[in-house]
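Participant: curious how this folds, go ahead:
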Amino acid sequence: MDRERATDPPHHPSRRLPTTPSATSRAFEVAFTPEPVRVGHVRRITAAFLGLWDVEPLVESVVLAVSELVTNAVRHGTGDVGLRVVYVPGELRVEVSDGSAAPAELRSAADDDESGRGLFLVAVLAQNWGVTEVFG
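Facilitator: Numbering: from 1, shown residues only. A predicted model of the protein is given here:
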């Protein structure tokens, strides 16, 4: 069973995406081995696609959310990591998946902790976020 972390960026209405992207939607999807160097790669890929899709006000926040979600999957997930980004006018959805059966969870980091704030940051950046079990 895969887990999927999804986020909608701020200032956009949250709604379910169609199973098959519409003719006006844009999307990309990548899968990769869970290596730390991949985080930078997917940041650049995401920024490039968002630039093509003309969603400039969202690029910085979305790239940061992708970075945090992918880092979490690389560090704490199992198996290959997947990233899927879908843009339908009025909504941008980011999904990060890995092979772990345990869902990603927000946790409290102590003031002197050097990590542990990534999902909190995603929650602050996103209008709606969560974890969905994916079967398949």
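
Participant: C-alpha from now on. contacts and neighbour counts both.
Facilitator: Fine.

Participant: restrict the lengthiest helix in the chain to CA atoms and write it as CSV.
Facilitator: As assigned by DSSP state H, the longest helix anywhere in the chain is helix 59-76. Extracted in CSV, the C-alpha atoms of helix 59-76 (Å, rounded to 0.1, in the frame of the first residue of the first chain):
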residue,chain,number,x,y,z
VAL,A,59,6.2,28.9,-7.8
GLU,A,60,8.2,29.6,-4.7
SER,A,61,5.7,28.2,-2.2
VAL,A,62,5.0,25.1,-4.4
VAL,A,63,8.7,24.4,-4.9
LEU,A,64,9.3,24.7,-1.2
ALA,A,65,6.4,22.3,-0.4
VAL,A,66,7.7,19.8,-3.0
SER,A,67,11.1,20.0,-1.5
GLU,A,68,9.8,19.3,2.0
LEU,A,69,7.5,16.5,0.9
VAL,A,70,10.2,14.8,-1.2
THR,A,71,12.8,15.1,1.6
ASN,A,72,10.3,13.5,4.0
ALA,A,73,9.7,10.6,1.6
VAL,A,74,13.5,10.1,1.0
ARG,A,75,14.3,10.2,4.7
HIS,A,76,11.4,8.3,6.2
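
Participant: can you name the element that comes right after the lowest-mean-pLDDT helix or strand in the chain?
Facilitator: Sorting the helices and strands of the chain by mean pLDDT, DSSP states H and E puts strand 2-8 at the bottom, at a mean of 44. Beyond strand 2-8 on the C-terminal side, the first helix or strand identified by DSSP states H and E is strand 26-32.
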